[in-house]
Every structure is written in structure tokens, then in C-alpha cells.
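Undergrad: Let's see this in three dimensions:
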Amino acid sequence: MRKIALIEDDADLFTLVKYNLEKEGFTVVGANTGRGVMDLFRREKPDLILLDIMLPDSDGLEICKSIRQNPELVHVPVIFLTARASETDRIVGLELGANDYIVKPFFVRELIARIKIQFRSQVSTTRVLKAATLELDRSSCEVRLDGALLTLTATEFRLLEFLMNRPGVVFSREQLLDAVWGHDRAVTDRTVDVYILRLRQKIEADPANPMLIRSVRGFGYSFSNSVQPQEEAVETRTAIAK
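TA: Numbering: from 1, shown residues only. Okay, here's the model as predicted:
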């Protein structure tokens with residue numbers, strides 16, 4: 001049975017969400033404030049965290065940062081539930097490591113659907129993903145190339161992890177946006193191209209002829225453990241530069 005941690009200061013909303021999640025068969029633990037939630041998470045080991053941003057005694061964004069910096073919790077999906085609806089708020093929340101961002105008021109059925117999507121996307125529990133000399137450690141949120149530590153943003157890490165965890169599978173830009181940025185997003189398909197370019201510049205020996213992140217003409221991207229360069233990469237890079 002999946003366990004969900006719900007951190008929400010509105011008592012009525014907390015009760016409503018908890019009731020509906022339990023009807024779906026989830027176990028729900030939680031709190032109405034941010035005080036002590038990291039201890040709660042470590043003790044209860046939730047499979048997913050629903051987190052309000054504007055808590056009476058804490059900042060949900062800072063809590064999310066702490067989750068992503070904690071080796072025990074780094075893999076736990078985080079969905080923000082918040083009244084802060086601006087484009088900037090959404091982008092900041094996702095950049096800090098949230099898997100999805102839901103603006104209040106929302107439909108409970110949609111929330112449950114998004115939770116189930118997060119669980120369906122948890123394909124592998126392998127701690128370290130490897131491809132050639134590239135290693136991604138999920139526990140420490142570190143990526144190394146030839147043993148050297150790379151500096152990646154939270155979104156770059158999630159995108160690389162998603163692709164490396166599913167080698168050979170071709171994903172459209174829309175699918176990558178849903179998986180990495182979440183459904184309630186303020187970004188476009190072009191964002192995927194930009195982030196793919198950034199990743200290639202960091203992990204590929206020759207970003208103009210990538211061997212790991214392949215471009216699939218007319219569809220999207222795929223991660224490959226092979227070392228065959230991709231001719232389509234030039235086309236993709238040119239499109240981004242326009």
C-alpha cells in the first residue's frame with residue numbers, strides 16, 4: 001500500500017484530500033505545519049509528498065530543497081499544492097525539484113490522477129545508473145563523467161535520470177514535459193530542446209555529434225548506451241539557435 005505525506009495548513013482541505021486518498025487505497029500521514037516535517041518524512045518513509053508552499057511557520061520551497069538534499073528522501077516525488085499561480089512561482093517550484101505543481105483550487109480527481117502518474121513513472125529502483133563513463137547516483141543526486149563531478153540543475157538532473165532510466169525508449173517533447181516538468185506547467189516544447197542542448201554540452205564528448213542523448217527525427221529524444229553518433233543532433237542544435 002502506497003503511503004502519502006500530506007502537508008497542508010487548511011484543515012478542511014487536509015481532511016478532504018486525506019479522505020479521498022484513503023478511499024483510493026492510499027495510507028495518508030501528515031501535518032498542518034512545516035515544523036518537524038523532515039523528521040516525519042524520515043520516520044514514515046512516504047512514497048510521495050503533497051506539500052503546501054505557504055505554511056504558517058515554514059516555506060514549502062525550502063522544505064522541498066531540504067528533501068532533495070536528503071539522501072533518504074531524494075527519490076520521493078513531491079507535488080506542490082498552492083495558491084501561488086504565477087509563471088515565476090511554477091518555474092521556481094519545478095526548478096527546486098518538485099515533480100508537479102498544482103494550483104488551488106483544484107479537482108481532487110485530477111490530483112489523484114497526477115499522483116498515480118508519478119507512481120507509474122517509478123520504473124526502476126537502481127541507485128546508480130551508468131552509461132559508458134557517465135554515472136548518475138540517485139541517492140546523492142550526483143552525476144559524474146570520467147569520475148569528475150558535473151554541475152547540473154535540479155531539472156537537468158531529473159531529465160537525465162528519466163532518460164537514463166529508460167534507455168532505448170523514444171519520448172516526444174510533450175511526454176518529457178509531462179514527466180519532468182509536470183502537467184501544470186508554464187513551459188513549451190522548445191524548453192525540452194534547450195535542456196537537451198545543455199545536457200549534451202555537459203555529458204557528451206562532442207555535443208555536435210552526441211552519442212548518449214539521441215535525436216529522433218520528427219519525434220523527440222532517446223537515451224542510448226551505445227556510442228554511435230547521431231546525425232540528427234546538428235538539426236536539433238540549429239533549430240534551438242533560431
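Undergrad: CA only for contacts and neighbour counts going forward, please
TA: Fine.
Undergrad: In whichever strand or helix holds L197, which residues are buried?
TA: In this structure, L197 sits in helix 189-203 according to DSSP states H and E. Within helix 189-203, the residues scored as buried using 16 or more other Cα atoms under 10 Å are 192-194, 196-197, 199-200, 203.
Undergrad: Next: stretch 168-184.
TA: In stretch 168-184, counting by 16+ other Cα under 10 Å, buried: 168, 170-173, 176-177, 179-183.
Undergrad: Redo these as CSV? Include pLDDT, distance to F223 and secondary structure.
TA: Output for these, formatted as CSV (pLDDT from 0 to 100; distance: Cα to Cα, whole Å; DSSP: H, G, I helix; E, B strand; the rest coil):
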residue, pLDDT, distance to F223, secondary structure
G168, 82, 6, coil
V170, 84, 8, coil
F171, 86, 9, strand
S172, 88, 12, strand
R173, 88, 13, helix
L176, 88, 12, helix
L177, 86, 16, helix
A179, 82, 15, helix
V180, 85, 15, helix
W181, 82, 18, helix
G182, 73, 20, coil
H183, 60, 22, coil
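Undergrad: in this protein, which residue is closest to the centre?
TA: N99 (3.9 Å; Cα atoms, centre = their mean).
Undergrad: My read is that that residue contacts F162, right?
TA: No: the pair N99 / F162 is not scored as a contact, 11.7 Å apart, by Cα atoms under 8 Å.
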